[in-house]
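Trainee: the sequence isn't on hand, but the structure is:
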């Protein structure tokens, strides 16, 4: 398989999709809710996913697709080549802010990550990696990650669900938030994983995400020496929702041992 060819095509498609999204900024969007009033979807989410499905199926009819808006395939295994797409990760930010959202696209073969692309549309920043060949931002190499301790770290997590949930497990995360240098929450898993990959934050914790939320980001973080697991320290499941924990080397084990292992996640 020529992964460079697929990577180049995918980046072209992502750029084109980004142009479509930017052109929608002056339009009035039709907004719907999904699982709850804060789980938003717009016609742009759906249009962009359909755009990718058409491009992928036109060039690679044997490849499978998992997409947030449901225009891909219904899969029970990750055999063969599978594309995982979130057309607009951070839809609430897209609707309210017209920033802090991204296109996330990943290609896996037999469950192994091969290509990861995350495009910050507003800032025109494309983060991309082919497994084993480094990670880049707009074709400029991203440096490898270095070890960091909790007390030196900025942790990306949603402070609201840490503070408001009385379960003992969440109190462990409250301790992590107190011990860290600081916390941040951006409302987009794709960019939060990118920020781990680039060292803008040192770790990212989320309680419940879908494969298309973390598939591309996991490739980027791991390509730079970071670790990505669920909160139990287990390999991520790319066929169902799971918790996600990404961190720099050394820091991942420290947080896992001190704050996460005793929790019921």
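Mentor: Done, it's in. None of these values were measured; they are calculated from a predicted model.

Trainee: phi, psi for residue 154 please.
Mentor: Note on residue 154: backbone dihedrals following degrees, to the nearest 10 are phi -100, psi 130.

Trainee: wait, it sits on residue 185?
Mentor: No. If you go by Cβ atoms under 8 Å, residue 154 and residue 185 don't touch, sitting 11.2 Å apart. (C-beta placed from N, C-alpha, C; glycine too.)

Trainee: quick one: list the elements packing against the longest helix anywhere in the chain.
Mentor: In the chain, assigned by DSSP state H, the helix with the most residues is helix 3-23. Counting contacts by 3 or more Cβ pairs under 8 Å, 6 or more residues apart in numbering; DSSP states H and E, helix 3-23 is packed against helix 43-59, strand 102-109, strand 112-120, strand 125-130.

Trainee: quick one: the longest one to helix 3-23, angle?
Mentor: It stands for helix 43-59. Calculated by axes from the mean of the first three to the mean of the last three Cα atoms, to 10 degrees, helix 43-59 forms an angle of 150 degrees with helix 3-23.

Trainee: helix or strand: which one has residue 192?
Mentor: In this assignment (DSSP states H and E), residue 192 forms part of helix 189-198.

Trainee: what helices or strands is that helix leaning on?
Mentor: Packing contacts for helix 189-198, counted by 3+ Cβ pairs under 8 Å, 6+ apart, involve strand 81-89, strand 102-109, strand 112-120, strand 125-130, strand 154-156, strand 203-209, helix 211-223, strand 242-247.

Trainee: what lines up beside the fifth one in the sheet?
Mentor: Next to strand 154-156 in the sheet, as set by DSSP bridges, lie strand 182-184 (parallel), strand 203-209 (parallel).

Trainee: now the first one
Mentor: Within its sheet, strand 81-89 is paired with strand 64-67 (parallel), strand 102-109 (antiparallel), according to DSSP bridges.

Trainee: burial measure for residue 211, as a count.
Mentor: For residue 211, the neighbour count with other Cβ atoms under 10 Å is 23.

Trainee: returning to that earlier point: now do the longest helix of the chain against strand 112-120, angle only.
Mentor: Using the same axes, to 10 degrees: helix 3-23 against strand 112-120 is 30 degrees.

Trainee: could I get the average pLDDT for helix 3-23?
Mentor: Averaging pLDDT along helix 3-23 yields 97.

Trainee: in that helix, which residues are buried?
Mentor: Across helix 3-23, burial judged by 16 or more other Cβ atoms under 10 Å covers 3, 6-7, 10-11, 13-14, 17-18, 21.

Trainee: in this protein, where is pLDDT below threshold?
Mentor: Low-confidence segments of the chain (pLDDT under 70): 28-41.

Trainee: swap in 80 and give it another go.
Mentor: Within the chain, the ranges that satisfy pLDDT under 80 run 27-42, 159-168.

Trainee: assess the claim that residue 128 and residue 7 are in contact.
Mentor: Yes. Using Cβ under 8 Å, residue 128 is in contact with residue 7, at 7.0 Å.

Trainee: so what sits against both of the two?
Mentor: Counting by Cβ atoms under 8 Å, 6 or more residues apart in numbering, the shared contacts of residue 128 and residue 7 are 115, 117.

Trainee: give the contact list for residue 172.
Mentor: 259-260, 262-263.

Trainee: mind listing which of these are in strands?
Mentor: Among the contacts of residue 172, DSSP state E puts none in strands.
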